[in-house]
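1. Let's see this in three dimensions:
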Amino acid sequence: MQLNKELEKLRADKAKAEKELEYLQHDMQRLQNRLAYLEKGERQKRAHRLITKGAVIESLAPATKEMGETDFFSLMEKILALPDVLALLPKEDAE
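-> Below you'll find the model as predicted:
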């Protein structure tokens, strides 16, 4: 009789633990989904920002449309190294 009561209690504890595990797994999946959603949003914002800035460069300097990546990067490095251009850029915070 005592053995049956202990067995029933263990089964009830097991069922409760399984239910809690299922709840925690569901909660973890929900948090992972939320993280993926937020990361995707940040990537989309970055892509939009880069496309917008690239479009501005092409509209102000149409010749850049036909340039290859290497030539474009070289041009940007030269432009951004000019003292007058550097003076226009905001100063980066030193961390």
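2. from here on, contacts and neighbour counts on C-alpha atoms
-> Fine.
3. Which of the helices or strands spans Pro90?
-> Under the criterion DSSP states H and E, no helix or strand holds Pro90.
4. Before we move on, what's the pLDDT of the residue nearest to the spatial centre of the chain?
-> Closest residue to the average C-alpha location of the chain: Glu39 at 3.1 Å, with Cα atoms, centre = their mean. pLDDT, Glu39: 91.
5. Also Met1?
-> On pLDDT, Met1 comes in at 80.
6. Skip ahead from the helix ranked longest in the chain and say which helix or strand is next.
-> When the chain is parsed with DSSP state H, its longest helix is helix 2-60. Moving toward the C-terminus from helix 2-60, the next helix or strand (DSSP H and E) is helix 69-81.
7. for the helix or strand following that next one, packing partners?
-> Sequence order places helix 83-88 as the next helix or strand after helix 69-81, per DSSP H and E. The contact analysis (3 or more Cα pairs under 8 Å, 6 or more residues apart in numbering; DSSP states H and E) places helix 83-88 against no helix or strand.
8. Just the CA atoms of helix 83-88, as CSV, please.
-> The C-alpha trace of helix 83-88 is given here as CSV (Å, rounded to 0.1, in the frame of the first residue of the first chain):
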residue,chain,number,x,y,z
PRO,A,83,42.3,67.0,-45.1
ASP,A,84,39.3,69.1,-46.1
VAL,A,85,37.1,66.0,-46.2
LEU,A,86,38.4,64.7,-42.9
ALA,A,87,37.6,68.1,-41.3
LEU,A,88,33.9,67.6,-42.4
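9. Could you give the average pLDDT over that helix?
-> 93.
10. For Ile79, list the residues it contacts.
-> Residues near Ile79 by Cα atoms under 8 Å, 6 or more residues apart in numbering: Val85.
11. confidence score at Ala36?
-> 94.
12. just Pro62 next, same as before
-> Value listed for Pro62 in the pLDDT field: 96.
13. Could you list the low-pLDDT ranges of the protein?
-> The chain contains residues with pLDDT under 70 at 93-95.
14. give me that answer again for 50
-> Within the chain, no stretch has pLDDT under 50.
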